[in-house]
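*Asks:* Coordinates only, no sequence provided:
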């Protein structure tokens with residue numbers, strides 16, 4: 001069986017491989033131009049990864065509060081923004097603009113989801129407090 005140290009070393013190497021775009025791209029690209037373009041694309045796509053995390057947490061929170069209709073609408077909203085951006089941004093700018101669709105959809109959906117969550121959670125907590133009093 002593996003010791004805790006073995007698991008930690010394995011996890012460290014896998015995490016480093018996945019977190020470093022250079023290592024990841026180096027495994028699949030052999031030409032320098034493709035390598036540099038891939039690293040740039042990964043950086044662009046992950047620009048708004050933190051707000052996206054908030055969006056996922058709030059959607060999961062709404063689902064846990066049995067507000068599945070709102071949660072589903074917010075998830076679909078993000079997917080629709082992404083799909084529309086993949087079509088519209090390259091038409092308005094260059095093909096490379098399609099990579100900016102992901103961070104744009106992430107920040108807009110995170111803002112909308114946070115607003116909806118704050119409105120719903122206050123109403124939910126007031127209703128819950130009224131029931132317990």
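*Replies:* The structure has been received and is ready for your questions. Just so it is clear, the structure is predicted and the values come from calculations on it, not from any experiment.
*Asks:* List the contacts of residue 67.
*Replies:* 120, 124 (C-beta atoms under 8 Å, 6 or more residues apart in numbering). Just so you know, the C-beta spots here come from the backbone N, C-alpha and C atoms, and that holds for glycine as well.
*Asks:* could you redo the last one with a cut-off of 7 Å?
*Replies:* Residues counted as contacts of residue 67 (C-beta atoms under 7 Å, 6 or more residues apart in numbering) are residue 120.
*Asks:* And it, how close does it get to residue 51?
*Replies:* According to C-beta to C-beta, to the nearest Å, residue 67 stands 20 Å off from residue 51.
*Asks:* do residue 75 as well
*Replies:* Relative to residue 51, and taking C-beta to C-beta, residue 75 is found at 15 Å.
*Asks:* Mind naming the longest helix for the chain?
*Replies:* Ranked by residue count and defined by DSSP state H, the top helix of the chain is helix 101-132.
*Asks:* Run the chain-centre distance for that one.
*Replies:* Distance, stretch centre to chain centre, for helix 101-132: 17 Å (C-alpha atoms, centre = their mean, to the nearest Å).
*Asks:* Stretch 53-64 too?
*Replies:* How far stretch 53-64 lies from its chain's middle: 12 Å, per C-alpha atoms, centre = their mean.
*Asks:* Run through the residues that contact the residue positioned nearest the centre of the chain.
*Replies:* Residue closest to the mean C-alpha point of the chain, counted by C-alpha atoms, centre = their mean, is residue 52 at 3.7 Å. Residue 52 sits next to 106, 110 when contact means C-beta under 7 Å, 6+ apart.
*Asks:* check which helix or strand covers it.
*Replies:* In the assignment (DSSP states H and E), residue 52 maps to helix 49-64.
*Asks:* other SSEs contacting the helix or strand following that helix?
*Replies:* Downstream of helix 49-64, the next assigned helix or strand under DSSP H and E is helix 68-92. Under the contact definition 3 or more C-beta pairs under 7 Å, 6 or more residues apart in numbering; DSSP states H and E, helix 68-92 sits against helix 49-64, helix 101-132.
*Asks:* what does helix 68-92 contact?
*Replies:* In contact with helix 68-92 (C-beta under 7 Å, 6+ apart) are residues 55, 59, 62-63, 97-98, 100-102, 104-105, 108-109, 112-113, 116, 120.
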